[in-house]
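# show me the folded form of this:
(2 chains)
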Amino acid sequence: GAVVSQHPSRVICKSGTSVKIECRSLDFQATTMFWYRQFPKQSLMLMATSNEGSKATYEQGVEKDKFLINHASLTLSTLTVTSAHPEDSSFYICSAPRIAVGGNEQFFGPGTRLTVL
Amino acid sequence: GQSLEQPSEVTAVEGAIVQINCTYQTSGFYGLSWYQQHDGGAPTFLSYNGLDGLEETGRFSSFLSRSDSYGYLLLQELQMKDSASYFCAVIGRGKLQFGAGTQVVVTP
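Numbers count the residues shown, from 1 in each chain, chains lettered A, B, ... in the order given. Model prediction:
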């Protein structure tokens, strides 16, 4: 099956620093990727849709200047958490859809656990 | 906007059958998916329903009724490893929106 990778898997940083998370589709091209955030014991909340070659589309309430998204190629999207604060500590997950006849499946990366001290 | 409702927790014994219901309200509905997530892990795809009816994949089945805006996931022959969170997710307008999740606890 299709594989999506994320790097890093875990990061601890100081408050005020920026953190970049990479999401790669390894065996298929993804013109669209999605970024989610998940707090403990809660659901996945869609943050933004990353579009190859154009600007990302952010969900209501998500600060685009704080969560910078770049979709540099058909296999790579990056999320940069700028000036991170402790409340940004969360599990960040990316996904890439692969739409096929008779089905529609999202492939998720393994996630990145961000801890901001 | 979109909203999905599913029970917060279900407990059952090994070997039992569990049904997790999901009702949704959304515009531009395309299909309903189900995902499993173990603690600390990423969601993994279980099933997708684009049309009304039942889809069966091994011990797991999923059902959709578009006219009722309702679907369910059926877990049969429960095993301890099935203890996890299960999310229904609506596909619409090119996006996937998740329900709050149902914690399934399987006991011996």
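# now do the buried residues in stretch A:18-32.
A:19, A:21, A:22, A:23, A:24, A:25, A:30, A:32 (16 or more other CB atoms under 10 Å in any protein chain shown). Placement of C-beta: from N, CA and C, glycine included.
# from those, which are also near chain B?
Subset of the buried residues of stretch A:18-32 in contact with chain B: residue A:32, counting by CB under 8 Å from any CB of the partner chain.
# export the buried residues of stretch A:18-32 as JSON lines, with columns for secondary structure and pLDDT.
Converted to JSON lines, these look like this (DSSP: H, G, I helix; E, B strand; the rest coil; pLDDT from 0 to 100):
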{"residue": "A:19", "secondary structure": "strand", "pLDDT": "97"}
{"residue": "A:21", "secondary structure": "strand", "pLDDT": "97"}
{"residue": "A:22", "secondary structure": "strand", "pLDDT": "97"}
{"residue": "A:23", "secondary structure": "strand", "pLDDT": "96"}
{"residue": "A:24", "secondary structure": "strand", "pLDDT": "95"}
{"residue": "A:25", "secondary structure": "strand", "pLDDT": "91"}
{"residue": "A:30", "secondary structure": "coil", "pLDDT": "86"}
{"residue": "A:32", "secondary structure": "strand", "pLDDT": "90"}
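# looking at the buried residues of stretch A:18-32, which one is closest to residue A:56?
Distances from residue A:56 to the buried residues of stretch A:18-32, taken as CB to CB, are shortest for residue A:32 (10.0 Å).
# partner residues bridging that closest one?
On the basis of DSSP bridges, residue A:32 is bridged to residue A:51.
# residue contacts, it?
Neighbouring residues of residue A:32 by CB atoms under 8 Å, 6 or more residues apart in numbering or on different chains: A:49, A:50, A:51, A:52, A:96, A:97, B:94.
# one more time with 7 Å
Contact analysis of residue A:32 by CB atoms under 7 Å, 6 or more residues apart in numbering or on different chains lists A:49, A:50, A:51, A:97.
# how about residue B:7?
So residue B:7 contacts B:20, B:21, B:102 (CB under 7 Å, 6+ apart).
# and the pLDDT for it?
On the pLDDT scale, residue B:7 is placed at 96.
# and it, what element?
Using DSSP states H and E, residue B:7 sits in no helix or strand.
# roughly how far apart are it and residue B:76?
From residue B:7 across to residue B:76, the span is 18 Å (CB to CB, to the nearest Å).
# list of residues touching stretch A:70-80?
So stretch A:70-80 is contacted by A:18-25, A:29-31, A:33, A:35, A:50-52, A:67-69, A:92, A:94 (CB under 7 Å, 6+ apart).
# enumerate the residues of chain A near chain B.
Counting by CB under 7 Å from any CB of the partner chain, chain A comes close to chain B at A:34, A:43-44, A:46, A:49, A:93, A:103-106, A:108-111.
# present the residues you listed as JSON lines; the columns should include pLDDT and secondary structure.
What follows is these, written out as JSON lines (pLDDT from 0 to 100; DSSP: H, G, I helix; E, B strand; the rest coil):
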{"residue": "A:34", "pLDDT": "93", "secondary structure": "strand"}
{"residue": "A:43", "pLDDT": "92", "secondary structure": "coil"}
{"residue": "A:44", "pLDDT": "93", "secondary structure": "strand"}
{"residue": "A:46", "pLDDT": "93", "secondary structure": "strand"}
{"residue": "A:49", "pLDDT": "93", "secondary structure": "strand"}
{"residue": "A:93", "pLDDT": "96", "secondary structure": "strand"}
{"residue": "A:103", "pLDDT": "53", "secondary structure": "strand"}
{"residue": "A:104", "pLDDT": "62", "secondary structure": "strand"}
{"residue": "A:105", "pLDDT": "74", "secondary structure": "strand"}
{"residue": "A:106", "pLDDT": "80", "secondary structure": "strand"}
{"residue": "A:108", "pLDDT": "90", "secondary structure": "strand"}
{"residue": "A:109", "pLDDT": "92", "secondary structure": "coil"}
{"residue": "A:110", "pLDDT": "92", "secondary structure": "coil"}
{"residue": "A:111", "pLDDT": "94", "secondary structure": "coil"}
